[in-house]
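Chemist: Give me a 3D structure for the following:
(chains A and B)
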There are 2 protein chains.
Amino acid sequence: MSAKIDLYVDQHQQQFLEELCEFLRIPSISTLPEHDGDVKRAAEFTAASLRAAGLENVEVIATAKHPLVYGDWMHAPGKPTVLCYGHYDVQPPDPLELWETPPFEPTLRNGNIYARGSADDKGQMYMHVKAVEALRAVNGKLPINVKFLVEGEEEVGGASVAKYVEENPGKLKADVALVSDTHLYAEGLPTLCIGLRGLVYMEIEATGPMRDLHSGLYGGAAPNAVFGLVELLSKLKDANGKILVPGVYDDVEAPDSAELDSWRRLPFTEEEFLAKEVGSTQLTGEPGFSVMERTWARPTLEVHGIAGGFVGAGAKTVIPAKATAKVSMRLVPNQIPEKVVAAFKAFVALVTPAGIQIEVRVLSAGPAISVNPNHKAIAVAAEAFADVMGKPTVLTRGGGSIPIVGDFAKHLGIPTVLMGFGLPDDGLHSPNEKYKLANYYTGIKTVAHFFELYGR
Amino acid sequence: MSAKIDLYVDQHQQQFLEELCEFLRIPSISTLPEHDGDVKRAAEFTAASLRAAGLENVEVIATAKHPLVYGDWMHAPGKPTVLCYGHYDVQPPDPLELWETPPFEPTLRNGNIYARGSADDKGQMYMHVKAVEALRAVNGKLPINVKFLVEGEEEVGGASVAKYVEENPGKLKADVALVSDTHLYAEGLPTLCIGLRGLVYMEIEATGPMRDLHSGLYGGAAPNAVFGLVELLSKLKDANGKILVPGVYDDVEAPDSAELDSWRRLPFTEEEFLAKEVGSTQLTGEPGFSVMERTWARPTLEVHGIAGGFVGAGAKTVIPAKATAKVSMRLVPNQIPEKVVAAFKAFVALVTPAGIQIEVRVLSAGPAISVNPNHKAIAVAAEAFADVMGKPTVLTRGGGSIPIVGDFAKHLGIPTVLMGFGLPDDGLHSPNEKYKLANYYTGIKTVAHFFELYGR
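Modeler: Just a heads-up that it's a prediction; the model follows:
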């Protein structure tokens, strides 16, 4: 690693922080149409920051929904090309009342920067930009070629970037992609993620009577849309978390024993995980599988939200006519999203309660990802990580989904280095999302060092 | 029945309609604090209408929540006293988008008046007032003594009127109560209701993790409050509608065979009930019991509403920390509300899923009611009904709950004549609630005739 780069980053900490705060102040919530203008502003901010870092051919690319931002620097002939990907959109901040400081007013506390998007993914994407800036400022050039592709729909399925990648393999040609949207396994432990779960996300609507009915007059004879949906959902998985949809586990590929062994060596206690991260009375999930297996290597099903009938203050005695729920399944390697969706729909049709009509709408569907740990870019990334952080790099998986990694593999034929600097308790998608400031600077140094080693 | 009274009612139809419309325009939604001012206006309208009808000692009585309205006319010595009860508050009108015309702009269509509260209960309560007005206008006096007690909390549990009845048995002393808050069994069929189900209404709150969690990172290990609540609710009754809470059926008193026989003679087909009233793909409920038994004489359990997690547009991948539901049970004769609540709470504690914490809050609890059909007031009411409508009066039960009837029995020692003029498809508590205009006028005549016969 380069002392000059490290010095440059250390000397520019205040500037890098102020720029990030400016970025985080933009409420670029991609799922809420009322924030479309903010999403656009975040795209323009991203483009301006790419230009400022010395990237060329920078453009804001209009799509059917939110814009993409592209830029490149291709003046290292004979050297590899890294495609840097990130997203400038964020999750909605609700429930707002649980934030200690407002989600779009970045606030420093205890060495962390608190804001929606600080870790997921503005703070991490911005490290790539600053790494390029540092390398160019110190050396006048980059040790490799880079292309940037930054999207604004990651939190809503990423349809536009997927289409763009499929349609522009020539323009995006690279040797490897770099994504920083994961976390260190533990504070100070360099971590490369070599596997991610896939996701199918669905909306279920239940209809019972033609209108809300009086529960006194009709209770005992009329179907209840809320209870019908409750009955249906309760049949999707058992109390242990096992999915009851037939066929869902058919294609599941288990991790090999070496990988399972390496997971057992990771610093982890269930007690700490329960107390510090989950905060419920106990953990749940399939018996016989460790927490790592359950969250990284097993399919899961969750109900993200449910609504129906009267939920205001006081009492209203209705039999509700309609109810809806959001349901997703996380997928593991070898599961085919389309097959899982088909199995889900067939099972829902089978267990739909009497008198209830069910509609299932699929909002997104993407497979799990695994990366070959022996690929040169992965090996070099692990080396860069270990150099900067002074410890051997561990290889883990993630339970979340980054669908773009699948698109890169499918349409560009390249693997992805998942080099994230978040921490497990960053609170992604939750109130009080944070990003550790030290990791922001370490990340910039590590990305720059990865570029140096990869261009060696 | 008196031709003079009938003529008076016929000649004042337009006036009676306009007054009712003015009453219905007041959005006196007792459960929504933002409508407290409207509830008060409705109380004042009620008091003014009592005064205009010639009632004396009219007062608007402040309570802990919404006011009561009282008035009397006690100048028929030696004659019985009827306590006329009704309520001027209404249910919330949501879902608003399903109303063909606005809920608080009464509209005439097909001989019906469409408005929230038209049948439940403003339109029916107002018949009592107009019957008094007609009798006094025609005869200069009433054939019996009357007291009016009108409340504004019927749709939110009726705590204030219950307290007032308990504390003022002397002031409210009467021979019988008259309530018009039920419906004719069928169009043109004079109907007295001699039984009502009781109600216990509860709010259930489920807590899982300490905050909403990312379903990718924690799915498979963290409990989900929405799914936990779904699991719990699914265990409360089976797919046939049988309540699974142990002990709930222990005290249930079945109707005798004569009553069951009389129910079988009522004009009813399941096909018509399903198509015209319920409008789902099929009926539900306990096998081996008729629709009448299921809705009048069997306990039932309904989920009135549920909410938790993310239900906005698009996708958000959270494991929700909290979820709530509104749940009630309808009770039948001989069931003890307190015992049912205790059994419910014990069962909930038993089946609470791992990792989930549950809180049950009881919002109201009242027993079922049955009235002796041989009581003089009931017999006279049946005669008045038959005289005006030209058909023998049928005796039915109702599946709904009118807790005040229990309070009258308990604290005043009097039975209640449940003489309602609604129709089964009036849509109480639903969008497009209506009241048949002809029944409004028939009701005024019948109530006046009941007073005449009772004072004979």
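Chemist: residue ranges for the strands of the stretch 251-400 of chain A, please.
Modeler: A:300-309, A:318-319, A:322-331, A:357-366, A:369-370, A:394-398 (DSSP state E, counting those that start in this stretch).
Chemist: Does the second one reach chain B?
Modeler: Yes. Strand A:318-319 lies in contact with chain B when judged by C-beta under 8 Å from any C-beta of the partner chain; the contacting residues are A:318, A:319. C-beta here means a position set from N, CA and C on the backbone, and glycine is covered the same way.
Chemist: Near residue A:171, how many other residues are there?
Modeler: Other residues near residue A:171 come to 13 when the count uses other C-beta atoms under 10 Å in any protein chain shown.
Chemist: which SS class is it?
Modeler: The three-state label given to residue A:171 by DSSP: H, G, I helix; E, B strand; the rest coil is coil.
Chemist: ok, now how distant is it from residue A:83?
Modeler: Separation of residue A:171 from residue A:83 (C-beta to C-beta, to the nearest Å): 10 Å.
Chemist: And residue A:128, by the same measure?
Modeler: With distances taken as C-beta to C-beta, residue A:128 is found 10 Å from residue A:83.
Chemist: Compare these two and say which is more crowded by neighbours.
Modeler: It is residue A:128, of residue A:128 and residue A:83, that has more neighbours when counted by other C-beta under 10 Å, with 27 against 23.
Chemist: Now that one: phi and psi?
Modeler: Main-chain dihedrals, residue A:128, degrees, to the nearest 10: phi -60, psi -40.
Chemist: Run through the residues that contact it.
Modeler: Counting by C-beta atoms under 8 Å, 6 or more residues apart in numbering or on different chains, residue A:128 touches A:84, A:86, A:148, A:178, A:180, A:447.
Chemist: Please repeat the previous calculation with a cut-off of 7 Å.
Modeler: Contact analysis of residue A:128 by C-beta atoms under 7 Å, 6 or more residues apart in numbering or on different chains lists A:84, A:86, A:178, A:180, A:447.
Chemist: where along the stretch 1-150 of chain A do the helices fall?
Modeler: A:3-11, A:13-24, A:36-52, A:122-139 (DSSP state H, counting those that start in this stretch).
Chemist: With just CA atoms, put the longest one into PDB.
Modeler: These are the backbone C-alpha positions of helix A:122-139, laid out as PDB (Å, rounded to 0.1, in the frame of the first residue of the first chain):
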ATOM      1  CA  LYS A 122     -24.100   6.300  -0.700                       C
ATOM      2  CA  GLY A 123     -21.200   6.300   1.800                       C
ATOM      3  CA  GLN A 124     -19.800   3.100   0.300                       C
ATOM      4  CA  MET A 125     -20.200   4.000  -3.400                       C
ATOM      5  CA  TYR A 126     -18.600   7.400  -2.700                       C
ATOM      6  CA  MET A 127     -15.400   5.600  -1.500                       C
ATOM      7  CA  HIS A 128     -14.800   4.400  -5.100                       C
ATOM      8  CA  VAL A 129     -15.000   8.000  -6.300                       C
ATOM      9  CA  LYS A 130     -12.600   9.300  -3.600                       C
ATOM     10  CA  ALA A 131     -10.200   6.400  -4.300                       C
ATOM     11  CA  VAL A 132     -10.000   7.500  -7.900                       C
ATOM     12  CA  GLU A 133      -9.500  11.100  -6.900                       C
ATOM     13  CA  ALA A 134      -6.700  10.200  -4.400                       C
ATOM     14  CA  LEU A 135      -4.900   8.000  -7.000                       C
ATOM     15  CA  ARG A 136      -5.100  10.700  -9.700                       C
ATOM     16  CA  ALA A 137      -4.100  13.500  -7.300                       C
ATOM     17  CA  VAL A 138      -1.100  11.600  -6.000                       C
ATOM     18  CA  ASN A 139       0.100   9.800  -9.200                       C
END
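Chemist: Show me how far that helix is from its chain's centre.
Modeler: 21 Å (C-alpha atoms, centre = their mean, to the nearest Å).
Chemist: what's the angle from it to helix A:3-11?
Modeler: In terms of direction (axes from the mean of the first three to the mean of the last three C-alpha atoms, to 10 degrees), helix A:122-139 departs from helix A:3-11 by 130 degrees.
Chemist: mean confidence score for helix A:122-139?
Modeler: The pLDDT scores in helix A:122-139 average 98.
Chemist: Can you tell me which of the strands of the stretch 251-400 of chain A is most buried?
Modeler: Mean neighbour count (mean count of other C-beta atoms under 10 Å in any protein chain shown) peaks for strand A:318-319 among the strands of the stretch 251-400 of chain A, with a mean of 29.
Chemist: Each with direction, which strands does that strand pair with?
Modeler: strand A:213-214 (antiparallel) (DSSP bridges).
Chemist: returning to what we had before: among the helices of the stretch 1-150 of chain A, show me which one is buried the most.
Modeler: helix A:122-139 (a mean of 24).
Chemist: by how many degrees do that one and helix A:36-52 diverge?
Modeler: Between helix A:122-139 and helix A:36-52, the angle comes out at 20 degrees (the same axes, to 10 degrees).
Chemist: From residue B:186, how far off is the closest residue to residue A:198 other than its chain neighbours?
Modeler: Residue nearest to residue A:198 in three dimensions, not counting chain neighbours: residue A:331, with 3.4 Å by C-beta to C-beta, 6 or more residues apart in numbering or on different chains. Residue A:331 sits 56 Å away from residue B:186, going by C-beta to C-beta.
Chemist: and if you look at residue A:122?
Modeler: Taking C-beta to C-beta, one finds residue A:122 at 66 Å from residue B:186.
Chemist: and if you look at residue A:207?
Modeler: 28 Å.
Chemist: Looking at these two, which is more packed in?
Modeler: residue A:207 (22 against 13).
Chemist: which residues does that one contact?
Modeler: Residue A:207 touches A:225, A:321, A:322, A:356, A:357, counting by C-beta under 7 Å, 6+ apart.
Chemist: what's across from the closest residue to the last one other than its chain neighbours in the sheet?
Modeler: Pointing back at residue A:357 there. Spatial nearest neighbour of residue A:357, excluding adjacent residues (C-beta to C-beta, 6+ apart): residue A:207 at 4.5 Å. Beta-bridge partners recorded for residue A:207 (DSSP bridges): residue A:322, residue A:357.
Chemist: Can you read off the backbone torsions of the closest residue to residue A:455 other than its chain neighbours?
Modeler: Spatial nearest neighbour of residue A:455, excluding adjacent residues (C-beta to C-beta, 6+ apart): residue A:143 at 3.1 Å. Here is the backbone geometry of residue A:143 (degrees, to the nearest 10): phi -80, psi -10.
Chemist: before we move on, the earlier item: and the gap between the residue nearest to residue A:357 and residue B:285?
Modeler: Residue A:207 is 18 Å from residue B:285, by C-beta to C-beta.
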